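In: One predicted model, sequence on top.
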Amino acid sequence: MPQDTRIPVGVLGATGMVGQQFISRLANHPWFEVTWLAASERSEGKRYHEAASWRLPAPMPADVRSLPVHACTPGKGPKVLFSALDAKAADELEHQFAAAGHIVLSNARSHRMDPLVPLLIPEINADHLGVLPEQRKVKGWSGAIVTNPNCAAVVLAMSLAPLRQFSIHAVMVTTMQAVSGAGYPGVPSLDILGNVVPFIGGEEEKMQSETQKILGSDSGRVPYPATVSAHTNRVAVLDGHTMTISVDLTSKPTIDEVVSALRDFRGRPQALELPSAPEPPIVVMAEPNRPQPRLDAGLGGGMAVAVGRIRSCPVLHAKFVAMGHNTVRGAAGAAILNAELMKAEGLL
Ligand code: NAP
């Protein structure tokens, strides 16, 4: 698409950790152009470079530095809005934006489990967008809300999706989650340095219920019938959520069949060659000590999920390690891929 016909988009919560990822990833996007930014009263009226405490290694893109940061006022700003709002603010605001005609691509937990809101991973459940006409009708919105999953649930769901062909019966997952998943300034350094914190509020429930909705049928209204049990831990890693996963697979495939299923997995983003689609979406690693977040979080531009150490499990059936970039595949990159799918499907 020529630069001058790019679709204008806005970012709600543009100053936060995920908001900055949106700004960075949209800077040279072939289809979308950031024209409008919004955040809290703390930032309202400032220029973006004054309001945002920039935390990414690449410099702040020049064309957003001087953009003003607005209040989050429904009806203002372009039709397509990416939301990186704090969950409390998202609870109050996102449905108001949808009612005012905006298409909100949200990262927040607020609407993910609403049966009329798609919880989308385009590689897995692109068909869940089919619920949007009913969403608009029942809620009376002229816009829409489409969500992406929790940053750990997306890594789990991506690595389980190729295994549905073997009928997944039960899943045990233990996470080692990066500090950037808690936003900025996040977990105090004195709590996390040299430490593991074995509790992340609400995270285990989200991993369990979101995974069942993502893999489910009828736009996620019929949950996938696997039992999922999650332990979630915060570790002293900057970016990249790592998890060890054991799965019971009813049809008892060989380990080679599990490896092939993960390696050969492709979805709609790859078929449509969407700009943010990783190829392949799952990188199967043969080295015995991979994936590692410091080395592998950037695979596929941060959009690929890395899987390694695929082997038999004496308790369930198979076990492996999975890792994905939490603020890219787990947040901003996921919402941008959702928007790309919607654009390609004529829904924007
Ligand atoms: P964050 O760094 O704390 O940023 C929060 C953003 O929300 C800031 O731009 C803030 O603006 C804005 N905000 C807060 N209260 C507001 C209000 N009342 N009205 C308008 N704007 C308000 O958080 P984050 O880590 O970027 O996370 C953003 C969202 O994505 C959260 O819902 C989070 O759960 C979700 N998420 C995060 C990750 C991750 O890995 N970090 C992954 C998946 C999903 P000010 O700067 O003006 O205060």
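Out: Received the coordinates, thanks.
In: what's the burial count for residue 122?
Out: Residues within reach of residue 122, counting by other CB atoms under 10 Å, total 27. Yep, even glycine has a C-beta here, placed from its N, CA and C like the rest.
In: let me fix that: residue 189
Out: When neighbours are defined as other CB under 10 Å, residue 189 has 11 of them.
In: now swap in the one 10 residues further on and tell me
Out: By the criterion of other CB under 10 Å, residue 199 has 10 neighbours.
In: try residue 275
Out: Residues near residue 275, counting by other CB under 10 Å, number 18.
In: Surely it and residue 26 touch.
Out: No: counting by CB atoms under 8 Å, residue 275 stays clear of residue 26, with 10.6 Å between them.
In: hey, what's in contact with both of those two?
Out: Common contacts of residue 275 and residue 26 (CB atoms under 8 Å, 6 or more residues apart in numbering): none found.
In: Now residue 72: closest residue in space, sequence neighbours ignored.
Out: residue 38 (4.6 Å; CB to CB, 6 or more residues apart in numbering).
In: who does whichever strand or helix holds the one you found pair up with?
Out: Mapping residue 38 onto the secondary structure by DSSP states H and E places it in strand 32-39. As defined by DSSP bridges, the strand partners of strand 32-39 come to strand 7-12 (parallel), strand 69-71 (parallel).
In: and the longest one, how far from the chain's centre?
Out: Centroid separation between strand 7-12 and its chain, computed with CA atoms, centre = their mean, to the nearest Å, is 18 Å.
In: try stretch 24-36
Out: In this view, stretch 24-36 has its centroid 18 Å away from the chain centroid, taken as CA atoms, centre = their mean.
In: now swap in stretch 51-58 and tell me
Out: Centroid separation for stretch 51-58 versus its chain: 20 Å, with CA atoms, centre = their mean.
In: Give me the buried positions along that stretch.
Out: With burial defined by 16 or more other CB atoms under 10 Å, the residues of stretch 51-58 counted as buried are 51, 52.
In: contact partners of that stretch?
Out: Under the criterion CB under 8 Å, 6+ apart, residues 14-15, 17, 19-21, 23-24, 39, 42-43, 60, 69, 184 lie in contact with stretch 51-58.
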